[in-house]
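Enquirer: Provided below for reference: sequence and predicted model.
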Amino acid sequence: MRFIAPGFGIGDLTAKNAKGAKGQLTEGWSFCTVNVTESGYSMKQFSLIVARAKLSTLVAEVDKGKGPVAISQRSKIKAILVDPEWHGRVEGELAHYRRTAKKKRFKLRGSMKIIGDVDKALAELGEEREASLERLIAGLK
């Protein structure tokens with residue numbers, strides 16, 4: 001979704017401004033893409049050229065808690081600016097997940113009891129497989 005966002009002072013870099021000079025930043029309105037994340041937060045997306053031109057402004061907005069800012073290159077998101085508190089929480093959750101994943105491995109030993117003759121069961125399975133293959137071959141003829 002495209003929208004016009006006031007307050008950045010960034011214009012379309014390829015468009016001509018009021019004076020007709022190509023490639024200069026225009027004043028007032030800016031063009032950016034707004035993505036809505038899975039958690040319901042809106043995330044502004046800027047091209048790398050625009051983000052480079054107004055990096056200080058974008059960092060200040062992220063720091064003020066106005067949400068993450070995505071930076072794209074050739075219409076693909078390459079980086080996301082997030083505040084340090086959010087990054088710290090994610091790092092902590094990831095470290096906790098990695099610790100618990102290493103500790104709790106799924107083990108079958110001791111989780112079941114085998115009753116009956118295993119060799120006899122395997123022989124019956126082999127016979128059933130042979131009969132199934134014979135029926136399949138007979139159906140193909």
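Expert: Looks like it arrived, so ask away.

Enquirer: can you give me the helices for the chain?
Expert: For the chain, the helices defined by DSSP state H cover 48-53, 55-63, 84-103, 118-140.

Enquirer: Tell me, how many residues neighbour residue 73?
Expert: Number of residues near residue 73 (other CB atoms under 10 Å) recorded here: 12. (C-beta placed from N, C-alpha, C; glycine too.)

Enquirer: For it, give me its contacts.
Expert: 47-48 (CB atoms under 8 Å, 6 or more residues apart in numbering).

Enquirer: that older thread, with distance to residue 75 and mean neighbour count as extra columns, can I get the helices of the chain in JSON lines?
Expert: Formatted as JSON lines, the helices of the chain follow (distance: least, CB to CB, whole Å; neighbours: other CB atoms under 10 Å):
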{"stretch": "helix 48-53", "distance to residue 75": "11", "mean neighbour count": "17"}
{"stretch": "helix 55-63", "distance to residue 75": "19", "mean neighbour count": "15"}
{"stretch": "helix 84-103", "distance to residue 75": "25", "mean neighbour count": "10"}
{"stretch": "helix 118-140", "distance to residue 75": "51", "mean neighbour count": "9"}
